[in-house]
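Participant: Need a 3D model of the sequence below.
(chains A and B)
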Amino acid sequence: DVKVTQSSRYLVKRTGEKVFLECVQDMDHENMFWYRQDPGLGLRLIYFSYDVKMKEKGDIPEGYSVSREKKERFSLILESASTNQTSMYLCASSLLAGQETQYFGPGTRLLVL
Amino acid sequence: AQSVAQPEDQVNVAEGNPLTVKCTYSVSGNPYLFWYVQYPNRGLQFLLKYITGDNLVKGSYGFEAEFNKSQTSFHLKKPSALVSDSALYFCAVRDTTGGSYIPTFGRGTSLIVHP
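Facilitator: Numbers count the residues shown, from 1 in each chain, chains lettered A, B, ... in the order given. Okay, the predicted model is just below:
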């Protein structure tokens, strides 16, 4: 079974802090994704990566950056956390983009005070 | 451009009754369609997908979905609902003609199955 793990289930940070969310997958998948999930808005893509050191912006990249130094690890960085970044963050991976199933991590619920 | 709509925020059904969760989509070419389920405090889990072939797709936990090209729909169904089916359900679509190869997700439908 594919396993996608996220470093924290719950996180509380203060406005202005730099926040790192880590995601690791164990199935040698090419593609990795970061989404945020908000009630009534569904899942919105922040960034995705189709290879090591490669990244592309999703629908809502503002205020975020990402890093993919190794194939199995994809990090989401909030350079200066703000209260409007309070959300559930979901990481996913897939073998190929497009028709392939995405496998999701359990999510990190981030609260920015 | 690709888009997907889940017209119902919430669906209520009694245990043992059939359930339907609706999804409609818009694409330029042919669609790839997906259903995912999210249980409380969990990530999304894949249920089923339509890529090509038979319009009726069977998936996990007894769920199935029917691809209807003329109505641009991909409704999720189950003949007999269980209380444990209560969860948030997401439909996703990817347009195979140009554009992004990343699926677009709907806003989700909360399914509540009453005992």
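Participant: in its sheet, what does the host helix or strand of A:Phe33 sit against?
Facilitator: The secondary structure element spanning A:Phe33 is strand A:31-38 (assigned by DSSP states H and E). Under the criterion DSSP bridges, strand A:31-38 sits next to strand A:42-51 (antiparallel), strand A:87-94 (antiparallel) in its sheet.
Participant: Quick check: mean pLDDT of the last one?
Facilitator: Taken as a whole, strand A:87-94 has a mean pLDDT of 95.
Participant: list the helices and strands the following helix or strand past it packs on?
Facilitator: Going down the chain from strand A:87-94, the next helix or strand is strand A:103-104, by DSSP H and E. Under the contact criterion of 3 or more Cβ pairs under 8 Å, 6 or more residues apart in numbering or on different chains; DSSP states H and E, the helices and strands touching strand A:103-104 comprise strand A:87-94, strand B:44-50. C-beta here means a position set from N, CA and C on the backbone, and glycine is covered the same way.
Participant: when you scan the shortest one, is anything in it near chain A?
Facilitator: Which is strand B:44-50. Yes: in terms of Cβ under 8 Å from any Cβ of the partner chain, part of strand B:44-50 sits within range of chain A, namely B:Leu44, B:Gln45, B:Phe46, B:Lys49.
Participant: Could you check the pLDDT of the second one?
Facilitator: Read that as B:Gln45. According to the prediction, B:Gln45 has pLDDT 95.
Participant: Bridge partners for it, pull those for me.
Facilitator: Beta-bridge partners of B:Gln45, as defined by DSSP bridges: B:Val37.
Participant: Next, format the strands paired with strand A:31-38 as a markdown table and append mean neighbour count.
Facilitator: Rendered in a markdown table, the data for those read as follows (neighbours: other Cβ atoms under 10 Å in any protein chain shown):
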| stretch | mean neighbour count |
| --- | --- |
| strand A:42-51 | 20 |
| strand A:87-94 | 24 |
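Participant: In JSON lines, list these along with distance to A:Arg36.
Facilitator: Supplementary listing: these in JSON lines, determined by distance: least, Cβ to Cβ, whole Å:
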{"stretch": "strand A:42-51", "distance to A:Arg36": "6"}
{"stretch": "strand A:87-94", "distance to A:Arg36": "5"}
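Participant: Which of those sits closest to A:Ser8?
Facilitator: When the strands paired with strand A:31-38 are compared by Cβ to Cβ, strand A:87-94 sits nearest A:Ser8, at 9.5 Å.
Participant: and the closest one, C-alpha only, in CSV?
Facilitator: Taking only C-alpha atoms (Å, rounded to 0.1, in the frame of the first residue of the first chain), the coordinates of strand A:87-94 have been written out as CSV:
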residue,chain,number,x,y,z
SER,A,87,-6.6,25.7,7.1
MET,A,88,-6.3,21.9,6.6
TYR,A,89,-3.3,21.1,4.4
LEU,A,90,-3.3,17.9,2.4
CYS,A,91,-0.3,16.4,0.6
ALA,A,92,-0.8,13.9,-2.2
SER,A,93,1.3,11.8,-4.6
SER,A,94,0.7,10.0,-7.8
